[in-house]
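please work out how this folds:
(one chain, ligands or ions: 1)
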Amino acid sequence: MRHSTFRQLEVFEAIARLGSFTRAAEELFLTQPTVSMQIKKLADTVGLPLFEQIGKRIYLTDAGMALQSSCHEIFESLKNFEMLISDMKGLKKGKLRLAVVTTAKYFAPRLLGPFCKLYPGINVSLKVSNRERILERLGENLDDLYVLGQPPEGLNAVYEPFLDNPLVVLAPHNHPLTGHHGISLKRLAEEPFIMREPGSGTRIAVERLFQDHKLALNVRMELGSNEAIKQAIVGGLGVSVLSRHTLALDAATGQLITLDVEQFPIERQWFAVSPAGKQLSIVAQTFLEYLRSATDQINDIPCHFAEQAGECPLTPTPR
Ligand code: PGA
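Next comes the predicted model:
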């Protein structure tokens, strides 16, 4: 491999990631014959083909897969080196790759605003997906940091809580149970319920609570989005349980209320997670430190929903 060049590895990595010679050529501002030539030379050096074409699609061979994982390590380590040098020069520069579960989208971008102002040299990419997909990304080590509603089970990871995440029962403002206190779980289970999709962390928490109390929910509908669920509640299709963070921008409408149900809110927390043993980049460490000190900025969720149920506004987790 000493005869392969850095450029060849760059070309290879782009093709493997994008699944296309043409798109790799575009991304790297090269012509397609140049890209093909670089890969041919690289495959000659390796002594085995790196890609195979079946129909119109290209696939990595076993040798290609092994090289892709080495490339990942090489480029990762070079990026970390660049960040280290910037840090030595007194600059915080580099890329921060964050992946957060769907519900964290209600506060993660608001946290990023001041962070990006503070560190203009840091570029942030934010992936938003449900818990199952975020756990897959964590397993594949695709990002720097992850935000999850509960620590990963069965995956070797380090995590720390940074903010409360209460799950509340939401209903339309004219629901017959409005104003009732201490509504039983059994009574709630009789209501038509709108459930998040399989793989959602919110759903796991709700199912666990009802299973623990040996109650079955009357699920009328499954929806893969907090926003769609809120619209469905307002439309009179049923009640649901969502994170109080999902109410962040809805306070003014007054169309949704929280019901005062026993066992609620389900007290959860948001966790910053990374794979165990991962050497966090300087940029990721900087964000983690910022996260530890900045959660009070997202504590301004209007609390008239909470007041109806006699609860307090969100408070940061004590450190
Ligand atoms: P979800 O995760 O958005 O996938 O439901 C949120 C959580 O785990 O609290």
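
C-alpha only now, for contacts and for neighbours.
OK.

I figured residue 31 hits residue 23, correct?
No. Between residue 31 and residue 23 there is no contact under CA atoms under 8 Å: 10.4 Å.

tell me which of those two has more neighbours.
Comparing residue 31 with residue 23 by neighbour count (other CA atoms under 10 Å), the higher total belongs to residue 23, at 16 against 13.

check which helix or strand covers residue 161.
strand 157-164 (DSSP states H and E).

following that strand, which helix or strand comes up?
Using DSSP H and E, the helix or strand that directly follows strand 157-164 along the chain is strand 167-172.

CA atoms of that following strand as CSV?
C-alpha atoms of strand 167-172 as CSV (Å, rounded to 0.1, in the frame of the first residue of the first chain):
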residue,chain,number,x,y,z
LEU,A,167,-43.3,12.7,28.9
VAL,A,168,-46.8,14.1,29.3
VAL,A,169,-50.3,13.1,28.3
LEU,A,170,-51.7,15.4,25.6
ALA,A,171,-55.3,15.9,24.7
PRO,A,172,-57.4,18.4,22.8
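
could you point out which element follows that strand?
Following strand 167-172 in sequence, per DSSP H and E, is helix 185-190.

around the ligand, pick out the residues from the stretch 151-300 of the chain.
Neighbours of the ligand within the stretch 151-300 of the chain, by CA under 6 Å from any ligand atom: 200, 201, 202.

mark which of these are part of helices, please.
Members of those lying in helices (criterion: DSSP state H): 201, 202.

the closest residue to residue 48 other than its chain neighbours: what secondary structure?
Spatially, and ignoring its direct neighbours in sequence, residue 48 is nearest to residue 63 (6.8 Å; CA to CA, 6 or more residues apart in numbering). For residue 63, the assignment made with DSSP: H, G, I helix; E, B strand; the rest coil gives helix.

any idea how far residue 63 lies from residue 16?
Distance of residue 63 to residue 16, computed by CA to CA, to the nearest Å: 12 Å.

now swap in residue 141 and tell me
In this view, residue 141 and residue 16 are 16 Å apart by CA to CA.

and these two? Which one has more around it.
A direct count of neighbours by other CA under 10 Å for residue 141 and residue 16 places residue 16 higher, at 21 against 14.

so for stretch 77-89, mean pLDDT?
Stretch 77-89 carries an average pLDDT of 83.

next, the nearest residue to residue 121 once chain neighbours are set aside: phi, psi?
Spatial nearest neighbour of residue 121, excluding adjacent residues (CA to CA, 6+ apart): residue 93 at 4.5 Å. Per-residue torsions, residue 93: phi -140, psi 150 (degrees, to the nearest 10).

surely residue 93 is in contact with residue 87?
Yes. With contact defined as CA under 8 Å, residue 93 reaches residue 87; the gap is 7.4 Å.

looking at these two, which has the bigger crowd around it?
Legend: neighbour count by other CA under 10 Å for residue 93 and residue 87, higher for residue 93 (19 against 15).

list the contacts for the more buried one?
Applying CA atoms under 8 Å, 6 or more residues apart in numbering to residue 93 gives the contacts 83, 86, 87, 119, 120, 121, 122, 123, 283.

going through the residues you listed, which ones are buried?
83, 86, 119, 122, 283 (16 or more other CA atoms under 10 Å).

out of these, who's nearest residue 261?
residue 283 (42.4 Å; CA to CA).

next, work out how far apart that closest one and the ligand are.
To the ligand, residue 283 is 25 Å away according to CA to the nearest ligand atom, to the nearest Å.
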